[in-house]
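**Student:** My questions concern the predicted model and sequence given below.
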Amino acid sequence: MKTYLLYRISIVLLFTLVLVGAGIIFTQGSPVTASSFQSTFEANFPWEKQYVQQDLETPLDVGKYISLALRPYDDAPVMSYYDATNGNLMVAISAGGGAGNCGTDNDWFCYPIDGTGSDEDVGRSSSIDIWGTEEDWRWGISYYDANWHGVKAVFYACSFDICMPPHIVIIAYPVTWTGFILGQYTSIKFNSGGVASIAYYAYNPMGGDWLTYAYPVASGGNCGGGDDSYLWQCDIIDSGDQLGQYASLDFSWDDRPYIAYYDGTGGNLKLAHFTGSGNCGPADTWQCDLIDGADGSDVGKYASLIAPQSSGAATRIAYYDQTNHHLKYYSSAGLNMIVDEMGSSIEPMGISMTGDNDNRPVIAYQKIEPVFFRRVLRLARLYYVYHLPHGNCGETPPGYSIQIWQCDTLDYGGLHTHEADFTSVKVDSNGRVRIAYTEDALEELATSLKIIYQTNFHVFMPLATKQ
């Protein structure tokens, strides 16, 4: 054992010297000097997994359209997801110590937010985000209401572990537009001041669908319902048949909105961002660019975006190349490359990307294995966060002689169990990765919600909600 440890230490020291000599490391999608190389042993922390909600006997169909966020002061995971059995928008929060009502050892608390009436169907396309500090934090969820074919959002205002009753907002219902469907793909994000905006897809049966961006206004808006009538502004950013699907919204370091989305007619990945002067959006104040797909391939589904998080940083997008069955990664710093093979399916295929605490990409995704076509949960990160001499997947980028991505399977599934049709990934304040995802038990016709997380014995505290 001592010889093995000395060998590993020697390899790490030698690799560090090589990096310093070469002076090149990928971070934020672009080369930087080796002075930014930091110890990231968190990447090698062990993994544990749990069921958050599961019932194989009834059975339940839960966990689709999963979205994960972390509470700001203790990193407790909070998830929004769809309960297809009951037509509800659901939330799951870590309770711990058997204090909950669902999941492994009742360590989770699961409850419906919307859709509890009879014959309701709400909660698809859910997206959650959390903003703030311990004394003043808030969280919001955007989602699709299939009864009215509209987009809705729910907001909570909290202090410490006490949250006020939720405020449900009707963002847009196509009341007078027969056949319109708004919000099949939603993405919500708070800016640095705690103001939430929502990107969503609007289907127009007459042709010319929309990528739409909604944000609150003091008065005079063109959308919002009930008590929030005309208190939201819904702007058309880009339009075209089947355009605006798989919208992914993020804010840059200077609070400019960025949206990655899919052009279904052209099979293209596109990116819109607010510039004040561009080629799309109201008064051409946005810039809409074709990112991938000019060669005729079908790319851009399941897009997951990280906007620039500092001045001069890159915009990054993880997405699916359906033509070639690849997981791809785009960086505005000049990198557009294959990360891994994903396989092909007519069902959704989960992709979710976030940045680690040094803002390096962390990608959770589904891969369909060629043996028995089992669907597994995979994680892709840059090789050097593991202190490895090279990666094991993806293309070799220009100027390199090695693969730079390390791809590992975290949950293997099985012949009758599929993992990760939907995924959502976050990194906590200590650098540990958390991934929420679905599991399909084919023989039981049940879908469950799971989480896998790195651990060093951190304990989550329950969230109490004031009613």
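**Tutor:** Yep, it's here. If you're wondering where the values come from, they're calculated on a predicted model, not measured in any experiment. Residues are numbered from 1 along each chain as shown.
**Student:** mind listing the helices for the stretch 101-250 of the chain?
**Tutor:** Applying DSSP state H, counting those that start in this stretch to the stretch 101-250 of the chain gives no helices.
**Student:** pLDDT weak spots in it?
**Tutor:** When residues are selected by pLDDT under 70, those of the stretch 101-250 of the chain lie in 176-177.
**Student:** can you map out the strands along it?
**Tutor:** 108-114, 122-132, 137-145, 150-159, 162-163, 167-172, 181-190, 196-203, 209-216, 232-240, 243-251 (DSSP state E, counting those that start in this stretch).
**Student:** Give me the buried stretch members for the longest one, please.
**Tutor:** Right, strand 122-132. The neighbour-count check on strand 122-132 (16 or more other CB atoms under 10 Å) flags Val122, Gly123, Arg124, Ser125, Ser126, Ser127, Ile128, Asp129, Ile130, Trp131, Gly132 as buried. No exception for glycine: its C-beta is placed from N, CA and C like everyone else's.
**Student:** residues contacting the nearest residue to the fourth one once chain neighbours are set aside?
**Tutor:** Just to be clear, that refers to Ser125. Excluding its sequence neighbours, the residue lying closest to Ser125 (CB to CB, 6 or more residues apart in numbering) is Tyr144, at 4.3 Å. For Tyr144, the contacting residues are Val122, Gly123, Arg124, Ser125, Ser126, Gly150, Val151, Lys152, Gly183, Gln184, Thr186, by CB atoms under 8 Å, 6 or more residues apart in numbering.
**Student:** From Lys64, how far out is the third one?
**Tutor:** The gap separating Arg124 from Lys64 is 7 Å, by CB to CB, to the nearest Å.
**Student:** intersection of neighbour lists for those two?
**Tutor:** Taking CB under 8 Å, 6+ apart as the criterion, Arg124 and Lys64 both touch Tyr82.
**Student:** Which one, of the strands of the stretch 101-250 of the chain, ends up nearest to Lys328?
**Tutor:** With CB to CB, the closest approach to Lys328 among the strands of the stretch 101-250 of the chain belongs to strand 243-251: 13.5 Å.
**Student:** Show me what that closest one is packed up against.
**Tutor:** For strand 243-251, the packing partners by 3 or more CB pairs under 8 Å, 6 or more residues apart in numbering; DSSP states H and E come out as strand 181-190, strand 196-203, strand 209-216, strand 257-263, strand 299-306.
**Student:** Could you figure out how far it is turned away from strand 299-306?
**Tutor:** 10 degrees (axes from the mean of the first three to the mean of the last three CA atoms, to 10 degrees).
**Student:** which other residues reach strand 243-251?
**Tutor:** 184-192, 197-202, 209-213, 238, 257-265, 270, 300-307, 317.
**Student:** Restrict that strand to CA atoms and write it as PDB.
**Tutor:** In PDB, the C-alpha atoms belonging to strand 243-251 read as follows (Å, rounded to 0.1, in the frame of the first residue of the first chain):
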ATOM      1  CA  LEU A 243     -37.700  27.200 -33.200                       C
ATOM      2  CA  GLY A 244     -37.200  27.800 -29.500                       C
ATOM      3  CA  GLN A 245     -37.300  24.300 -28.100                       C
ATOM      4  CA  TYR A 246     -34.900  23.100 -25.300                       C
ATOM      5  CA  ALA A 247     -34.400  26.700 -24.100                       C
ATOM      6  CA  SER A 248     -31.700  27.100 -21.600                       C
ATOM      7  CA  LEU A 249     -31.400  30.500 -19.800                       C
ATOM      8  CA  ASP A 250     -28.400  32.000 -17.900                       C
ATOM      9  CA  PHE A 251     -27.200  35.400 -16.800                       C
END
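**Student:** Great, nothing more from me.
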